[in-house]
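> Structure, please.
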Amino acid sequence: MRLNLSLKNALILICIVYTLLTVLSSSYALMVGVTSDTHFHLLARFMVTAVGIGSILLFNLFPEWKLWKRFVMHYTVTMGLIWGLVWFSGFFTELHPNAYRDIFLNFTPVYLLIAAGFLIREHFKNRKITA
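Next up is the predicted model:
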């Protein structure tokens, strides 16, 4: 599976995902009584979204690998970059004591859903070809 993601399409996808995440997060926050969000938090969400979408290009570096191996490599690199962003942001703002755990719990379920969707699609595509 080769992913053809142009810069324009990547930017559009980053904007769409960022908007959806922000609307969902803001809606949830308002439901539980939190009425403010910091600008730093909004920028951090954008950076995490950009890393997640931009790192899709890693898939094109190893086209001969099985898809699940590419997902493991991709997740490891992406999660490392995101934890690096959290660490770096600690120089500019005080981190919550559970900042690393929180970013892991926010990023991993979304990643697993997307990866599962791709793996299922690839499985059915391969079954169609061999049938």
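
> How about the secondary structure of P63?
With DSSP: H, G, I helix; E, B strand; the rest coil as the basis, P63 sits in coil.

> Count the residues that sit near it.
10 (other CB atoms under 10 Å). In this view, the C-beta of every residue, glycine as well, is placed from N, C-alpha and C.

> for T76, same thing?
Quick note: T76 (other CB under 10 Å) scores 10 neighbours.

> Report pLDDT for the residue nearest in space to the middle of the chain.
For the chain, G52 is the residue whose C-alpha lies nearest the centre (CA atoms, centre = their mean; 3.5 Å). Looking at G52, its pLDDT is 81.

> contacting residues for it?
Counting by CB atoms under 8 Å, 6 or more residues apart in numbering, G52 makes contact with 17, 78, 82, 107, 111.

> swap the cut-off to 10 Å and go again
Neighbouring residues of G52 by CB atoms under 10 Å, 6 or more residues apart in numbering: 13-14, 17-18, 74, 78-79, 81-82, 107, 110-111, 114.

> cool, and N9?
Contacts of N9 (CB under 10 Å, 6+ apart): I53.
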